[in-house]
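Undergrad: here you go, sequence then predicted model.
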Amino acid sequence: MISSNSLINKKEQRFRSLAFLTVIVIYLLILAGGIVRGTGSGMGCPDWPKCFGRWIPPTEISQLPVNYQKIYGAKLKGEVEFNATKTWIEYTNRLLGVLSGFLVFATLIASLSYLRKDKTIIWGSAAAFVLIGVNGWLGSRVVATELTQYVITLHLLLAILVVFALLFVWIRSNAHRLHIEDISVENNISRWLLGILLVLTIGQIVLGAQVRDVLDSVVKRIGYTQRDSWVDNLDWRFYIHRSFSLVILTLHVAIIYQLRKRNKTGVFVSLTNALMALVIAEIGTGVIMAYLGVPAIAQPIHLILAILIIGLQFSIGLLLTPKFILPRGINKASRLVKV
């Protein structure tokens, strides 16, 4: 006979697995959004939620009405040209968005297993569900406003908040497996530095989105054949974005040094190693774009690395702040894995 405790444990394990899977899919969604932007596929589907009036997008122009440009190009001033690749890139992004919504909803339902144990997990899951619902609506506004920059930026920032909400509930649901030592003054300093760095990194991402918008304008003005001249035609925002990456790198080195002084082994070591590797890779992709004509494949990689970095920053910050992730009733003796 299976005990009630065993059933509860299985439900909680199911929740943790589902929350982690949902985080992965959200990251894939952000990557897909980067691919959409990098390939110029944002208007691959000129209408929403359908694509060229169909639930399954066309694969060739013969599947569209002869006057499709007049029908779907009214709000685009006639500038709509069917491109099957771009259409399906954009539609795949939408499908991932729908899948993400279902997974976040499933995570919310699964979180009800914590109803008597830790309601904060339920509230965090509910926040993720509301945020992704709002972001789905905002995705429709991206199309309706013809890729207006501030709408795209808000769309990205909301996706980041969804990631934060899911990481919070996933880490908190694993709190019974963590052994978190008393936070010293050193770690308190690291926590403040990490908070500042998180804000600055998000600011760097927003500035990068502005640079991308300027790049789109440059491409429209001088054309794809002048790829080697794109960077030379960017404005001051690109140079600030490029130079500020050195500030971000320096702060990461300082924080990692602070954390490694006190934490010689455990999860912190793995997380800080991963964080530094991601920062170096992020700067590397930035160098590739600046000096190799902004290759399309580097753009979504540059974006997803940035989102992975702030996800790690946020997770480390949570581990440095036990009061946020340790529900009542969990004491030192019950923490099994040393952080």
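TA: It's in.

Undergrad: quick check: Leu131 touching Leu158?
TA: Yes. Assessed by Cβ atoms under 8 Å, Leu131 is found in contact with Leu158 at 5.9 Å. From N, CA and C alone the C-beta is placed, and that goes for glycine too.

Undergrad: can you show me the strands along the stretch 151-300 of the chain?
TA: Secondary structure of the stretch 151-300 of the chain (DSSP state E, counting those that start in this stretch): strands at 178-179.

Undergrad: so where's it uncertain?
TA: Counting by pLDDT under 70, the stretch 151-300 of the chain contains low-confidence ranges at 176-187, 262-266.

Undergrad: show me where it has helices.
TA: 185-222, 236-262, 267-291, 298-319 (DSSP state H, counting those that start in this stretch).

Undergrad: any chance of JSON lines for those helices, columns mean neighbour count and distance to Ile121?
TA: Putting the helices of the stretch 151-300 of the chain into JSON lines (neighbours: other Cβ atoms under 10 Å; distance: least, Cβ to Cβ, whole Å) gives the following:
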{"stretch": "helix 185-222", "mean neighbour count": "17", "distance to Ile121": "22"}
{"stretch": "helix 236-262", "mean neighbour count": "15", "distance to Ile121": "26"}
{"stretch": "helix 267-291", "mean neighbour count": "17", "distance to Ile121": "20"}
{"stretch": "helix 298-319", "mean neighbour count": "21", "distance to Ile121": "13"}
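
Undergrad: nearest to Trp88, out of those helices?
TA: Closest approach to Trp88 among these (Cβ to Cβ): helix 298-319, 15.8 Å.

Undergrad: could you dump the closest one to CSV, C-alpha only?
TA: Presented in CSV, the C-alpha positions along helix 298-319 are these (Å, rounded to 0.1, in the frame of the first residue of the first chain):
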residue,chain,number,x,y,z
ALA,A,298,25.6,34.9,-33.7
GLN,A,299,22.7,37.2,-32.9
PRO,A,300,20.3,34.7,-31.2
ILE,A,301,23.3,33.0,-29.5
HIS,A,302,24.4,36.4,-28.1
LEU,A,303,20.8,37.0,-26.7
ILE,A,304,20.3,33.5,-25.2
LEU,A,305,23.7,33.7,-23.5
ALA,A,306,22.7,37.0,-21.9
ILE,A,307,19.4,35.5,-20.6
LEU,A,308,21.3,32.5,-19.3
ILE,A,309,23.7,34.8,-17.5
ILE,A,310,21.0,36.8,-15.7
GLY,A,311,19.2,33.5,-14.8
LEU,A,312,22.4,32.3,-13.1
GLN,A,313,22.8,35.7,-11.4
PHE,A,314,19.3,35.4,-10.1
SER,A,315,19.7,31.8,-8.9
ILE,A,316,22.9,32.6,-7.1
GLY,A,317,21.3,35.6,-5.5
LEU,A,318,18.5,33.4,-4.2
LEU,A,319,20.9,30.9,-2.7
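
Undergrad: appreciated, that's everything.
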